[in-house]
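Colleague: My questions concern the predicted model and sequence given below.
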Amino acid sequence: MEIEIDSNSGFCFGVVTAINKAEEELSKEGNLFCLGDIVHNSMEVERLSRKGLVSIDHERFFSLRNEKVLLRAHGEPPSTYEMARKNGIEIIDATCPVVLNLQKNIKKAYLNSDPSETQIVIYGKIGHAEVNGLVGQTDGRAIVIENLNDLNKIDFTKKVKLFSQTTKSIENFNQIVAKIKEKITNCKNFEFNDTICRQVANRIPKIINFVSKHELVFFVSGKKSSNGKVLFDECRKINSNIHLISDLEELDLSLLDGVNTVGICGATSTPKWLMEELKSKIERYLENK
Ligand code: SF4
């Protein structure tokens, strides 16, 4: 049986940088707080927690004094930085430069317009850490839309400036743009910014090609990963014999019966070592069969 790991799957540069920063700090200090899970992959979070990285929520963050806290690639709203300043928290900022740039552009769009005339709209997942950081750039005023049904939150007689969470699908973003164009009273009042990260979007043709080559595919990804969901959905359109694995314990070995080629791929938050462990597990099973 041929088992192939997709060479294009695995951490994007934003996640690599955040993990490198955490490991560098852990090698000096032995332990470090991280606001939220450093990556949407519980196996990688566990690996780093064994090295001393402690994930905390915002409530715990607010109660800390004079500690060091890492901010992950998703970014944070300005209120997090203010709180850190007040409480003597040293921030190790691992916000991805792509997210940082998007935060700056949303802030600029917000500050350069009159909120009574212009609506800042973000296509993204309500409550997602990155989206919370983006909404924070607008004093909490931005309208978040998750899908076409949410367009009724927008007043189409006013100006609209649309942005996107970095990990959303380009296809869905384009559908939203088309619908807003249809509904807006004056098309001059609509400005849209495709702010989708190409680290995710550019992987789609490559991963589609990869899954089309294999009879059976295991897609390794955390269940909370947004880009994992986008990539998995695209793969499933091409190969219906694809299975999501977030923990090696979930592997159903009976799926291998009668199969000649197996592909292993994953999201931008999937560690390479986890895909390699999955491959080894399959190989051990086949050897002992
Ligand atoms: S997917 Fe893109 S925006 Fe998100 S962390 Fe990776 S490089 Fe940064």
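Modeller: Okay, I see it.
Colleague: which of the residues in stretch 196-207 are buried?
Modeller: Within stretch 196-207, the residues scored as buried using 16 or more other Cβ atoms under 10 Å are 196, 197, 199, 200, 201, 203, 204, 207. Bear in mind the C-beta positions are built from the backbone N, C-alpha and C, glycine included.
Colleague: Same question for stretch 251-258.
Modeller: 251, 256.
Colleague: Residues of this protein that sit close to the ligand?
Modeller: The chain comes close to the ligand at residues 12-15, 73, 96, 98-99, 166-167, 197, 199-200, 227, 268, as judged by Cβ under 6 Å from any ligand atom.
Colleague: Which one of those residues is nearest to residue 187?
Modeller: residue 166 (26.2 Å; Cβ to Cβ).
Colleague: Check for me that that closest one belongs to a strand.
Modeller: No: Residue 166 sits outside any strand when classified using DSSP: H, G, I helix; E, B strand; the rest coil, being coil.
Colleague: hang on, the earlier thing: rebuild the buried residues of stretch 196-207 as TSV, extending it with pLDDT and secondary structure.
Modeller: Listed next are the buried residues of stretch 196-207 as TSV, based on pLDDT from 0 to 100; DSSP: H, G, I helix; E, B strand; the rest coil:
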residue	pLDDT	secondary structure
196	96	coil
197	95	coil
199	88	helix
200	86	helix
201	88	helix
203	93	helix
204	94	helix
207	97	helix
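Colleague: Run through the stretch 51-200 of the chain and note the low-pLDDT ranges.
Modeller: Across the stretch 51-200 of the chain, no stretch falls below the confidence threshold (pLDDT under 70).
Colleague: Strands along that one, start to end?
Modeller: Per DSSP state E, counting those that start in this stretch, the stretch 51-200 of the chain carries strands over the ranges 53-56, 68-71, 90-93, 118-123, 143-145, 159-164, 190-192.
Colleague: helices or strands next to the last one in the packing?
Modeller: Read it as strand 190-192. In terms of contacts (3 or more Cβ pairs under 8 Å, 6 or more residues apart in numbering; DSSP states H and E), strand 190-192 is packed against strand 159-164, helix 170-183.
Colleague: Okay, now the sheet partners of that strand, with direction.
Modeller: Applying DSSP bridges, strand 190-192 is found paired with strand 159-164 (parallel).
Colleague: Identify all contacting residues around the strand it pairs with.
Modeller: 102, 105-106, 109, 113, 117-124, 134, 154, 173, 176-177, 180, 184, 189-196 (Cβ atoms under 8 Å, 6 or more residues apart in numbering).
Colleague: from these, which would you call buried?
Modeller: Buried among those by 16+ other Cβ under 10 Å: 102, 105-106, 109, 113, 118-124, 134, 154, 173, 176-177, 180, 184, 189-190, 192, 195-196.
Colleague: Good, wrapping up.
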